[in-house]
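Visitor: predicted model and sequence below, questions to follow.
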Amino acid sequence: MKTMRKKLSIFGLTAAMLIMIIASSCRKEENFNTDSSLKLEFSADTIFFDTVFSTVGSVTLQIRVFNPTNDYVNISSVRIMGSTASNYRINVNGMSGTAFQDVEIGPRDSIFIFAEVTVDPGNINNPFVITDSIEFLTNGNYQYVSLVAWGQDAYFHYPDHPETQYLPAYSLVGGTWANDKPHVVYGYAVVDEDSVLNIQAGTQVYMHNDAVLWVYDGGSLRINGALGNEVIFTGDRLDEYYKDLPGMWGKIWLSAGSIDNVIDYAIIKNGRIGIQVDTTGASSNPTLTISNTIIDNMSTAAFYAQGSYVKAENCVFGSAGYYSLVLAIGGDYDFRHCSVGNYWTESTRSTPALVLNNYYEDIYGNIQIRDLTNAYFGNCIIYGQNADEMLLDAYSGGGVFNFTFENCLLRTTLGTSGAGYTNCYKNQTPSFNDTENGDYSIGSGSFAIDKGSITGTGTIALDIAGNPRISGTAPDLGAWEVQ
């Protein structure tokens with residue numbers, strides 16, 4: 001009997017263990033969520049490592065990953081996209097590395113993932129911003145958390161205010177940007193109402209992908225460059241392949257109501273829109289006064305103004321994927337000794353270098369007229385590789401459309417002998433020196449030499465290079481005076 005009871009006891013224990021194993025196996029299989037639409041939730045979509053290191057730096061930050069379902073979730077893969085070559089490492093469930101498989105999270109539970117970066121900011125070959133991402137693969141779905149660290153010693157302006165109804169995540173900027181270190185803009189940097197941002201001569205500003213410098217209603221931007229000590233705006237990717245690519249950042253945006261903006265001696269390149277100026281407010285002063293500035297290699301437009309008040313002299317509005325200079329929805333404009341040249345080579349361009357316009361279509365399909373009260377071009381060059389680089393888009397149903405081209409060299413098929421044209425020249429090459437490399441100065445054989453007028457020059461005493469404006473019998477056309 002003892003033996004029989006012993007056998008029954010062993011049999012019962014074995015059966016119980018089998019039942020537990022089977023039940024456990026069934027529980028896991030039944031309770032794991034396999035829905036292909038399942039999405040994990042994260043405590044943040046980007047981890048910013050904002051410490052500026054003085055030596056080789058190592059910082060650890062964390063992110064929380066949530067399972068929003070009532071079932072278990074198996075994350076098939078958690079990995080750093082840059083793999084072992086990345087500056088980043090992660091720690092998952094106490095294990096450090098760059099890739100992990102089959103990470104489980106219980107129902108309505110979460111796990112912490114710790115991320116670490118090692119950067120030597122003294123290495124001048126680093127990009128200013130070092131990015132990577134953590135990839136999560138769950139039930140066939142890929143999700144990502146961005147990793148962002150500063151690679152060099154600089155002033156970094158990154159989003160520290162949450163998204164609002166009107167703005168994505170943003171930072172507030174103002175005061176004076178010093179020129180002792182570069183400035184790197186990540187996201188939206190906003191000059192708020194009643195604030196002024198002064199940028200010193202020689203300052204280098206590196207814009208991250210999609211970055212925007214936005215001067216808000218009531219705010220002002222003052223770029224105070226100097227000859228040979230210009231303020232430079234460009235993308236923050238400095239490696240050879242990216243450093244001269246267009247479209248690497250967003251734009252400088254002077255929004256409606258911004259006031260008394262001044263830009264002198266700046267070089268703005270490699271973005272989407274160099275400068276956008278929106279409808280002016282009640283001020284009698286120009287929304288923007290811009291001088292001695294080069295805007296070039298933009299994927300959309302070098303300069304885009306809408307119903308604004310702008311004065312420009314000794315400026316270059318260079319190559320862009322669509323337009324070099326757009327003055328749309330009316331406004332008041334005065335451009336003197338400016339060179340407009342669109343020699344875009346990244347793709348086929350069918351749009352003109354210059355557009356003037358005095359209307360728009362609203363969201364209901366209705367035409368809204370905005371008067372172009374004045375668009376004056378004196379001693380300017382408007383040229384490019386297309387047969388017609390000018391579009392004068394006046395609304396046929398009415399509205400003011402006043403323009404004047406005085407002593408200008410134009411690339412166009414339009415007639416230039418009627419109203420709005422005085423002593424203009426058509427389709428004679430200006431002989432820009434090297435448009436492929438952003439040099440829009442003219443050579444000694446240029447047709448533009450001595451074709452200007454004193455009226456068009458006005459009070460401009462020097463050209464963009466600091467040379468006297470009249471070196472021959474009359475001023476040259478465009479931003480440069482041949483000496």
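Guide: That came in fine, so what should we check first? These figures come from a predicted structure and were not determined experimentally.

Visitor: show me the shaky parts of the protein.
Guide: Applying pLDDT under 70 to the chain flags residues 1-30, 50-58, 121-122, 124-125, 281-283.

Visitor: so which residues of it form helices?
Guide: Along the chain, counting by DSSP state H, helices occupy 2-31, 454-457.

Visitor: run through the neighbouring helices and strands of the last one.
Guide: Using 3 or more CB pairs under 8 Å, 6 or more residues apart in numbering; DSSP states H and E as the contact criterion, the elements in contact with helix 454-457 are strand 372-378. Every C-beta, even on glycine, is put in place using the N, C-alpha and C of the backbone.

Visitor: kindly export the strand it packs on (C-alpha atoms) in PDB.
Guide: This file holds the C-alpha atoms of strand 372-378, laid out as PDB (Å, rounded to 0.1, in the frame of the first residue of the first chain):
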ATOM      1  CA  LEU A 372       1.300  96.000 -55.400                       C
ATOM      2  CA  THR A 373       1.700  99.700 -54.600                       C
ATOM      3  CA  ASN A 374       5.300  99.700 -55.700                       C
ATOM      4  CA  ALA A 375       8.000  97.400 -56.900                       C
ATOM      5  CA  TYR A 376      11.100  99.400 -57.900                       C
ATOM      6  CA  PHE A 377      14.200  97.800 -59.400                       C
ATOM      7  CA  GLY A 378      17.100 100.100 -60.000                       C
END
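
Visitor: and it, what's buried?
Guide: Residues of strand 372-378 classed as buried by neighbour count (16 or more other CB atoms under 10 Å): 372, 375, 376, 377, 378.

Visitor: what does stretch 377-385 give?
Guide: So, applying 16+ other CB under 10 Å, buried residues of stretch 377-385: 377, 378, 379, 380, 381, 382, 383, 384.

Visitor: hmm, residue 225 is touching residue 262, no?
Guide: No: counting by CB atoms under 8 Å, residue 225 stays clear of residue 262, with 10.6 Å between them.

Visitor: these two: which has the busier surroundings?
Guide: Legend: neighbour count by other CB atoms under 10 Å for residue 225 and residue 262, higher for residue 225 (23 against 15).

Visitor: what is the burial count for the nearest residue to that one once chain neighbours are set aside?
Guide: Leaving out its chain neighbours, the residue that sits closest to residue 225 by CB to CB, 6 or more residues apart in numbering is residue 265, at 3.1 Å. For residue 265, the tally of surrounding residues (other CB under 10 Å) stands at 21.

Visitor: how about residue 265, what does it touch?
Guide: 201, 223, 225, 226, 227, 229, 230, 231, 291, 292, 293 (CB atoms under 8 Å, 6 or more residues apart in numbering).

Visitor: dump the residue contacts of the first one.
Guide: I take that to be residue 201. 179, 224, 225, 226, 229, 230, 231, 265.

Visitor: which phi and psi does it have?
Guide: When read as degrees, to the nearest 10, the backbone of residue 201 gives phi -60, psi 140.

Visitor: tell me how far it lies from residue 268.
Guide: Distance, residue 201 to residue 268, using CB to CB, to the nearest Å: 15 Å.

Visitor: same check on the fourth one?
Guide: Taking CB to CB as the measure, residue 226 and residue 268 are separated by 16 Å.

Visitor: between the two, which is the more surrounded one?
Guide: When residue 226 and residue 268 are compared for neighbours, residue 268 comes out ahead with 28 against 14, by other CB under 10 Å.

Visitor: surely the more buried one touches residue 230?
Guide: No: in this structure, residue 268 is not within contact of residue 230 by CB under 8 Å, at 9.7 Å.

Visitor: tally of neighbours for the nearest residue to residue 388 once chain neighbours are set aside?
Guide: The shortest distance from residue 388 to any non-neighbouring residue, by CB to CB, 6+ apart, is to residue 413 (4.7 Å). When counting by other CB under 10 Å, one arrives at 11 neighbours for residue 413.

Visitor: now residue 481
Guide: 29.

Visitor: how close does the closest residue to it other than its chain neighbours get to residue 389?
Guide: Leaving aside its sequence neighbours, residue 481 sits nearest to residue 463 (CB to CB, 6+ apart; 4.1 Å). For residue 463, the distance to residue 389 (CB to CB) stands at 23 Å.

Visitor: what does residue 366 give?
Guide: For residue 366, the distance to residue 389 - CB to CB - is 31 Å.

Visitor: do the same with residue 31
Guide: 67 Å.

Visitor: tell me who's in contact with the closest residue to residue 349 other than its chain neighbours.
Guide: Once flanking residues are discounted, residue 349 sits nearest to residue 321: 6.5 Å by CB to CB, 6+ apart. Contact analysis of residue 321 by CB under 8 Å, 6+ apart lists 246, 247, 298, 299, 300, 344, 346, 347, 349.

Visitor: out of these, who's the most crowded?
Guide: residue 298 (29 neighbours).

Visitor: give me the beta-bridge partners of it?
Guide: residue 320 (DSSP bridges).

Visitor: ok, it - contacts?
Guide: Residue 298 neighbours (CB under 8 Å, 6+ apart): 246, 247, 269, 270, 271, 272, 273, 274, 318, 319, 320, 321.

Visitor: make a markdown table out of those and add distance to residue 120.
Guide: Converted to a markdown table, the contacts of residue 298 look like this (distance: CB to CB, whole Å):
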| residue | distance to residue 120 |
| --- | --- |
| 246 | 30 |
| 247 | 29 |
| 269 | 28 |
| 270 | 26 |
| 271 | 29 |
| 272 | 32 |
| 273 | 35 |
| 274 | 33 |
| 318 | 36 |
| 319 | 36 |
| 320 | 37 |
| 321 | 37 |
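
Visitor: out of these, who's nearest residue 440?
Guide: Of all the contacts of residue 298, residue 318 has the smallest distance to residue 440: 6.2 Å, by CB to CB.

Visitor: name the nearest residue to that closest one, ignoring sequence neighbours.
Guide: Residue 318's closest residue in space is residue 296 (CB to CB, 6+ apart), at 3.3 Å.

Visitor: was I right to think the one you found contacts residue 438?
Guide: Yes: between residue 296 and residue 438 there is a contact under CB under 8 Å: 4.7 Å.

Visitor: JSON lines for the contacts of residue 201, including distance to residue 134?
Guide: Putting those into JSON lines (distance: CB to CB, whole Å) gives the following:
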{"residue": "179", "distance to residue 134": "36"}
{"residue": "224", "distance to residue 134": "42"}
{"residue": "225", "distance to residue 134": "40"}
{"residue": "226", "distance to residue 134": "45"}
{"residue": "229", "distance to residue 134": "42"}
{"residue": "230", "distance to residue 134": "39"}
{"residue": "231", "distance to residue 134": "36"}
{"residue": "265", "distance to residue 134": "43"}
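
Visitor: so which of the contacts of residue 265 is the most crowded?
Guide: residue 293 (27 neighbours).

Visitor: contacting residues for it?
Guide: Contacts of residue 293 by CB under 8 Å, 6+ apart are 225, 263, 264, 265, 266, 267, 268, 314, 315, 316.

Visitor: next one: residue 345
Guide: By CB under 8 Å, 6+ apart, residue 345 lies in contact with 319, 436.

Visitor: okay, residue 296 and residue 438: which has more neighbours?
Guide: The neighbour comparison of residue 296 against residue 438 (other CB under 10 Å) goes to residue 296, with 25 against 18.

Visitor: what residues are up against residue 479?
Guide: Here residue 479 is in contact with 292, 314, 315, 316, 337, 338, 339, 440, 441, 463, 464 (CB under 8 Å, 6+ apart).
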